[in-house]
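Q: here's a sequence, model it:
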Amino acid sequence: MEKLGYALLIIVAVVWLFAMLAGMFVAWPYGIIGLIAFVGIGLLFIKVLRERLASKEDSHYSRNVEK
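A: Next comes the predicted model:
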């Protein structure tokens with residue numbers, strides 16, 4: 001049930017992001033501001049994921065420390 005909830009949430013988020021991008025292209029000269037913001041947020045997200053996956057300390061704590 002939890003996996004289904006996450007899957008639906010991801011699907012809705014992806015559709016919403018594509019709709020926002022399409023809207024920015026429709027409002028072309030002014031939509032470029034939103035596109036630049038999207039690219040910036042995307043680059044920061046990729047940076048955070050890369051750092052998290054490369055961090056041995058984070059992996060150690062996520063496996064060995066009980067909550």
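
Q: count of neighbours near residue 56?
A: 7 (other CB atoms under 10 Å). Quick note: C-beta positions are derived from backbone N, CA and C, even for glycine.

Q: now name the helix or strand holding the residue most central in space within the chain.
A: Centroid check for the chain by CA atoms, centre = their mean gives residue 45 as the closest residue, at 6.0 Å. Element membership of residue 45, judged by DSSP states H and E, is helix 28-54.

Q: what's the first helix or strand after that helix?
A: With elements assigned by DSSP H and E, the helix or strand that comes after helix 28-54 is helix 56-64.

Q: how big is the angle separating that following helix from helix 28-54?
A: 70 degrees (axes from the mean of the first three to the mean of the last three CA atoms, to 10 degrees).

Q: next one: the residue nearest to the centre of the chain relative to residue 27, how far apart?
A: Distance, residue 45 to residue 27, by CB to CB, to the nearest Å: 24 Å.

Q: where in the protein is the helix or strand with the lowest mean pLDDT?
A: helix 56-64 (a mean of 76; mean pLDDT, DSSP states H and E).

Q: other residues contacting that one?
A: Residues from elsewhere that reach helix 56-64 (CB atoms under 8 Å, 6 or more residues apart in numbering): residue 52.

Q: in that helix, which residues are buried?
A: Buried residues in helix 56-64, counted by 16 or more other CB atoms under 10 Å: none are found.

Q: go on, stretch 1-12?
A: Residues of stretch 1-12 include none that count as buried (16+ other CB under 10 Å).

Q: tell me the mean pLDDT for that stretch?
A: The pLDDT scores in stretch 1-12 average 94.

Q: is it true that residue 31 touches residue 37?
A: No: judged on CB atoms under 8 Å, residue 31 makes no contact with residue 37 at a distance of 10.4 Å.

Q: quick one, which of those two is more surrounded?
A: Higher neighbour count among residue 31 and residue 37: residue 31, with 16 against 11, using other CB under 10 Å.
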